[in-house]
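Novice: Show me the folded form of this:
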Amino acid sequence: MMKINGLYNLLNSLGYYPDCHLGKDNKFIPFINDHHHVGHAIIADVFITRDTKLMKKAEAIFEHYKIGTKILFIKT
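Specialist: Take a look at the predicted model:
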């Protein structure tokens, strides 16, 4: 899971659908939760999200590591 979290952080740092304003406390905690959710999703059949940026990073990570988890995006 550490490789997954590291790649999530790298993608975010490189500007790939970045989470904004991480210097603010109210934005940093959700960011940590997001990369943990992606890390845990590697053992799931389906990863459900309504966050476009999270979905895009998860897609890239799952493709890179050839993880078979399907992503279900819920439009709000």
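
Novice: where does this structure dip in pLDDT?
Specialist: 21-29, 31 (pLDDT under 70).

Novice: at 50 instead, please
Specialist: Nowhere does the chain drop to pLDDT under 50.

Novice: residue ranges of the helices in it, please?
Specialist: Applying DSSP state H to the chain gives helices spanning 2-13, 25-41, 52-64.

Novice: so how far is the first one off the chain centroid?
Specialist: Using Cα atoms, centre = their mean, to the nearest Å, the mean C-alpha position of helix 2-13 is found 8 Å from that of the whole chain.

Novice: Return the residues in contact with the residue nearest to Met1 when sequence neighbours are not counted.
Specialist: Using Cβ to Cβ, 6 or more residues apart in numbering and skipping residues adjacent in sequence, the residue nearest Met1 is Gly39, 4.0 Å away. In short, each C-beta sits where N, CA and C put it, glycine included. Contacts for Gly39 (Cβ atoms under 8 Å, 6 or more residues apart in numbering) come out as 1, 4-5, 8.

Novice: Could you identify the most distant pair in the residues you listed?
Specialist: Met1 and Tyr8 (10.3 Å; Cβ to Cβ).

Novice: Which of these two has more residues huddled nearby?
Specialist: Neighbours per residue, other Cβ atoms under 10 Å: of Met1 and Tyr8, the larger number sits with Tyr8, 24 against 13.

Novice: quick one: contacts for the closest residue to the more buried one other than its chain neighbours?
Specialist: Closest residue to Tyr8 in three dimensions, ignoring its sequence neighbours and counting by Cβ to Cβ, 6+ apart: His35, at 4.0 Å. By Cβ under 8 Å, 6+ apart, His35 lies in contact with 4-5, 8-9.

Novice: So among those, which ones count as buried?
Specialist: 4-5, 8 (16 or more other Cβ atoms under 10 Å).

Novice: if I look at Lys57, how far off is Tyr16?
Specialist: Distance of Lys57 to Tyr16, given as Cβ to Cβ, to the nearest Å: 6 Å.

Novice: out of those two, which sits in the more crowded spot?
Specialist: A count of neighbours by other Cβ under 10 Å puts Lys57 above the other of Lys57 and Tyr16, at 24 against 13.
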